[in-house]
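Novice: Give me a 3D structure for the following:
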Amino acid sequence: MTGALLRNELRLRLLTPAWWMLAAGSWLICAWLLFAQLQVYQEIQPALTASGANIGVNDLLVTPTLNVLGVLLLVVTPLIGMNAIAGERRSGRLAVLLSTPLSPLRLLLGKWFGMFLPVLLIAIGIYTMLASLALGMRLDWIRLATSLAGQTLLIALATSITLASSALTRQPGSAFATALTILVFLWLADGFLPREAALYWLALSPHLSPALQGTLVSDDLAYFALLTLAAMTVALIGLVREREFPPLNRVRQTVAILLLAAVVTTGAALSQAQRHTLFRSTPVPQALLETLAAIQGPVTITAWAPDYPLMRAQIEKLLRPLQEAHSDIELRWINPQREPQLARETGITHDGELRIEAMGRSQKVTVPDYPRLLHAFRHLARKGEPWIAVLQGNGEAPISDAPHGLGAWVRTLENHGYRVVGIDASGPIPDNAGLVLIAAPRQEYPPELLDRLQQWLQDGGRVLWLQETGGEQSLQELTGVRVLPGILISSPGTSGNGPLQLTLDLPRELVGPGAKSAVLDRAQALLPSGDGPWKIQQALETGADTWNETGALHEGTKRNPLEGERSGPHAATLLMTRGQAKVAIVGDSDLARDTLFGRSGNPQLLLSLINWLTENRLDTHAGAEDKDITWTPMTGAMLASLHLLFGPLLLGLGGHWIRRRRERA
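Specialist: So this is what the prediction gives:
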């Protein structure tokens, strides 16, 4: 009989216009939010790539949409289930159901599944919409599955609370208002309850958020299980009271509710005391693992923490994956309460601070987490003097946030532990500089400056030259590399109304995994000398369909061999050595400027050149791997039309068809 009851409940809900309209409304709201956020995300995506941020589409598009879905489920579930028992009681059918051999528990379970499954179908529909983003985005499928598990637990809890409200009232409207009030209170409780309050454990949002972020915690599972069980028990008491004759007296009700409260309280206390992370979709950022691999020798981490088991357990849990990745990490403990003088001398101001020592350097981490650990390990992993001296005074690109400046790249270098300083071209090169950066000089360098640069290279110095129109003769005198006239283009017939950009394939052995191409704007071709002292270690070349266009771009483009225009491939980046000296030359400076720095693999290419020049083996990871959107504008428009128009319209038409069919019946 339970199966027959379940089929009847599903028929009552899925074959009603209300379910279809709720599904259409939920779909439309989530789709509207998703694509509104997508428009904003496309505007900030280059800045995210430039800054190396560890957030992408999964954090900025998927998770906010799932948060809104959670709020919708708190409203949709009571709307769908408010008639489950209260409506049956009002129509008189509840007495008939209770007179059958079906036990109250089986009756309750049949009603519960009859509510749970229709709401779950709505949630799965929204997840299907999010899954379609994989056509042009890199979705975290494990995280998506974990969040679906969390939403399923939320639906189970909301269904149980709605059933309990419906079992204790006679009017469906009262059942809806009661259930919605309870659910909204649980959702907002963390906003007005202090974290140390005992009732804070009842807050719903802090228990759902970890699942939406890809983490399952034992305390959160216990929360949903205990509250769902409590609500189901209350609903069962309501049914038993309705069925028993004489009715269930108030003394027995009170005893049952007190026992239930004791069980929930005990379970909550035990779950908080034994809080364990059962699953985490992204345990350690890839950039942190790559930086650890670049550290040579032992690493000593001193944790300044009192003998608090919870604090020490959290620090151990944070550092355990790092110890597994780097076998020479030693963790030491010092209690600052027992060593106050030593703590003051070391500069320790907070419990739980870490002091990391490696490669003859030390760094302090005030609040232990992976982003701060990454920043500290990047500083520790530097070899040699991490100074980058940038020549200024001959029209070079400014290192500030001025228009067409290098501000974003400079911030990235400083985040990796380098110190970027501008030096006057008329002055000496600092002795502690590890690298000289020449970014797009607009005029030729005077002989005395070229002599200083030549001496710098003879002493084993390193130079990174970003070429732009100007300074060609100085580059040739310094390195023997000649710049072909004109700019590189690849599209026949392109006019000069916009930037002429080329895609440069990046070798994995130079930039590592992840980045596959860089974007150059009005790049120039580099022609190395075949008999000079410089040896070419690597050359990054454009495609065979490119040539150096020397004519006026507004008149159209067509290769003219008589004007010195050569067909590709052309070298756009050269890595050369002469003894201990190293020079890297890029035939474009726009990839380092704020206008293009965040595009494609430009940050990885520039960091790889810095690493090659300074002989550092550091991560070129550009933050999160899910920042890029690769679909075409046509694909994006089709998805937007499908989810914003056709999806809700089809669901709405389905509800209208069911309503018309019922009117005819």
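Novice: ok, then the element right after the longest helix that the chain contains?
Specialist: The helix spanning the most residues in the chain, taking DSSP state H as the definition, is helix 17-51. Downstream of helix 17-51, the first helix or strand assigned by DSSP states H and E is helix 57.
Novice: Convert the C-alpha atoms of the helix or strand that comes right after that next one to PDB, please.
Specialist: Later in the chain than helix 57, the nearest helix or strand by DSSP H and E is helix 63-81. What follows is helix 63-81, C-alpha atoms only, in PDB (Å, rounded to 0.1, in the frame of the first residue of the first chain):
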ATOM      1  CA  THR A  63      28.000  28.900  -6.200                       C
ATOM      2  CA  PRO A  64      25.900  32.200  -6.100                       C
ATOM      3  CA  THR A  65      23.300  30.500  -8.300                       C
ATOM      4  CA  LEU A  66      23.200  27.500  -6.000                       C
ATOM      5  CA  ASN A  67      22.800  29.900  -3.000                       C
ATOM      6  CA  VAL A  68      19.700  31.400  -4.700                       C
ATOM      7  CA  LEU A  69      18.400  27.900  -5.500                       C
ATOM      8  CA  GLY A  70      18.700  27.100  -1.800                       C
ATOM      9  CA  VAL A  71      16.500  30.100  -0.900                       C
ATOM     10  CA  LEU A  72      14.000  29.100  -3.600                       C
ATOM     11  CA  LEU A  73      13.800  25.600  -2.200                       C
ATOM     12  CA  LEU A  74      12.800  27.000   1.200                       C
ATOM     13  CA  VAL A  75       9.800  28.600  -0.400                       C
ATOM     14  CA  VAL A  76       9.000  26.000  -3.000                       C
ATOM     15  CA  THR A  77       8.900  23.000  -0.600                       C
ATOM     16  CA  PRO A  78       6.200  24.400   1.700                       C
ATOM     17  CA  LEU A  79       4.100  25.500  -1.300                       C
ATOM     18  CA  ILE A  80       4.200  22.000  -2.700                       C
ATOM     19  CA  GLY A  81       3.700  20.200   0.600                       C
END
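Novice: low-scoring stretches of the stretch 301-450 of the chain, by residue?
Specialist: Counting by pLDDT under 70, the stretch 301-450 of the chain shows low-confidence ranges at 310, 383-386.
Novice: all strands of it, in order?
Specialist: 329-334, 353-358, 361-365, 387-392, 419-424, 435-439 (DSSP state E, counting those that start in this stretch).
Novice: got it, and the stretch 501-650 of the chain?
Specialist: 501-505, 517-521, 526-527, 535-541, 547-549, 571-578, 581-586.
Novice: Just send these back as JSON lines, with mean pLDDT and distance to Y41 too.
Specialist: Every C-beta, even on glycine, is put in place using the N, C-alpha and C of the backbone. As requested, those are arranged in JSON lines below (pLDDT from 0 to 100; distance: least, C-beta to C-beta, whole Å):
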{"stretch": "strand 501-505", "mean pLDDT": "85", "distance to Y41": "22"}
{"stretch": "strand 517-521", "mean pLDDT": "88", "distance to Y41": "19"}
{"stretch": "strand 526-527", "mean pLDDT": "92", "distance to Y41": "36"}
{"stretch": "strand 535-541", "mean pLDDT": "92", "distance to Y41": "30"}
{"stretch": "strand 547-549", "mean pLDDT": "83", "distance to Y41": "35"}
{"stretch": "strand 571-578", "mean pLDDT": "93", "distance to Y41": "30"}
{"stretch": "strand 581-586", "mean pLDDT": "94", "distance to Y41": "29"}
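Novice: how about the ones you listed, which one is nearest S26?
Specialist: strand 517-521 (39.5 Å; C-beta to C-beta).
Novice: residues touching the closest residue in space to R482 that isn't next to it in sequence, list them.
Specialist: Closest residue to R482 apart from its sequence neighbours, by C-beta to C-beta, 6 or more residues apart in numbering: L527 at 4.5 Å. Neighbour list for L527: 481-484, 571 [criterion: C-beta atoms under 8 Å, 6 or more residues apart in numbering].
Novice: same thing with L488?
Specialist: 500, 502, 520, 522-525, 542, 546-549, 568, 570, 572, 587.
Novice: ok, which pair from the residues you listed is furthest apart?
Specialist: R522 and G568, at 15.6 Å, using C-beta to C-beta across the contacts of L488.
Novice: Please produce JSON lines containing the strands of the stretch 501-650 of the chain, extended by distance to I161.
Specialist: Listed next are these as JSON lines, based on distance: least, C-beta to C-beta, whole Å:
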{"stretch": "strand 501-505", "distance to I161": "55"}
{"stretch": "strand 517-521", "distance to I161": "52"}
{"stretch": "strand 526-527", "distance to I161": "69"}
{"stretch": "strand 535-541", "distance to I161": "61"}
{"stretch": "strand 547-549", "distance to I161": "69"}
{"stretch": "strand 571-578", "distance to I161": "62"}
{"stretch": "strand 581-586", "distance to I161": "62"}
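Novice: Among those strands, which comes closest to R320?
Specialist: strand 517-521 (36.8 Å).
Novice: and that closest one, how far from the chain's centre?
Specialist: 24 Å (C-alpha atoms, centre = their mean, to the nearest Å).
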